[in-house]
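Chemist: Sequence isn't available, so here's the structure alone:
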């Protein structure tokens with residue numbers, strides 16, 4: 001060591017100062033390296049968190065889209081099922097009404113044709129004044145069309161059914177009714193003559209789907 005009372009030379013002081021500056025520089029670089037490491041770690045954590053959040057959002061959106069597709073599929077399937085049930089119910093109702101018409105003798109097919117022939121045979125062949133035995137009918141169909149047809153006053157409403165079944169079979173099953181007074185003619189009521197129904201010499205019958 002240096003003897004007591006002896007001061008350091010300028011060269012020694014310069015070396016000590018240089019050593020201190022070197023140590024301070026190393027400490028500063030160490031702090032900078034540590035700070036850089038913390039910044040990199042923070043950035044990595046933030047990036048990972050953002051990536052996970054984005055992945056979670058995309059996963060939720062995919063699940064939500066899948067749920068929406070499944071909901072729409074079920075709604076369409078339910079709609080098809082309801083339409084099929086309605087179609088089957090309407091078909092069953094049509095067959096039931098057709099069976100009732102056949103049992104009541106108002107079916108607009110062969111049964112009516114046979115009755116019309118029998119009725120024609122029973123009608124008196126008395127010669128009447130020209131036009132007195134005529135009945136001009138306007139038939140108003142469900143789709144808005146209006147048909148004009150000339151009948152005999154002694155024809156029955158079942159003959160009207162027969163005519164409609166021939167010219168517009170797509171209407172089956174159907175029934176007819178007067179406008180005023182409002183009255184429906186089906187079943188046994190359809191066996192009345194046009195004259196007795198008050199439809200001569202001119203009348204209107206409205207055709208409705210049954």
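Modeler: It's in. Just so it is clear, the structure is predicted and the values come from calculations on it, not from any experiment.
Chemist: Quick test: name the residue nearest the centre of the protein.
Modeler: Nearest to the centroid of the C-alpha atoms of the chain, with distances taken as C-alpha atoms, centre = their mean, sits residue 79, at 6.2 Å.
Chemist: So for it, what pLDDT did the model give?
Modeler: Predicted confidence (pLDDT) for residue 79: 87.
Chemist: before we move on, what about residue 6?
Modeler: Residue 6 is assigned 65 on the pLDDT scale.
Chemist: which residue ranges form the helices in this protein?
Modeler: Applying DSSP state H to the chain gives helices spanning 10-104, 110-122, 157-167.
Chemist: In CSV, list those helices along with distance to residue 184.
Modeler: Using the backbone N, CA and C atoms, a C-beta is placed for each residue, glycine as well. Rendered in CSV, the data for the helices of the chain read as follows (distance: least, C-beta to C-beta, whole Å):
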stretch, distance to residue 184
helix 10-104, 13
helix 110-122, 17
helix 157-167, 10
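Chemist: Of those helices, which shows the lowest average pLDDT?
Modeler: Least confidently modelled of the helices of the chain is helix 110-122, at a mean of 47 by mean pLDDT.
Chemist: My guess is residue 149 contacts residue 141. True?
Modeler: No. Under the criterion of C-beta atoms under 8 Å, residue 149 makes no contact with residue 141, lying 11.9 Å away.
Chemist: Compare those two and say which one has the larger neighbour count.
Modeler: Using other C-beta atoms under 10 Å as the criterion, residue 149 and residue 141 rank with residue 141 on top: 18 against 15.
Chemist: Can you give me the buried ones in stretch 138-156?
Modeler: Buried residues in stretch 138-156, counting neighbours by 16 or more other C-beta atoms under 10 Å, are found at 139, 140, 141, 151, 152, 153, 154, 155, 156.
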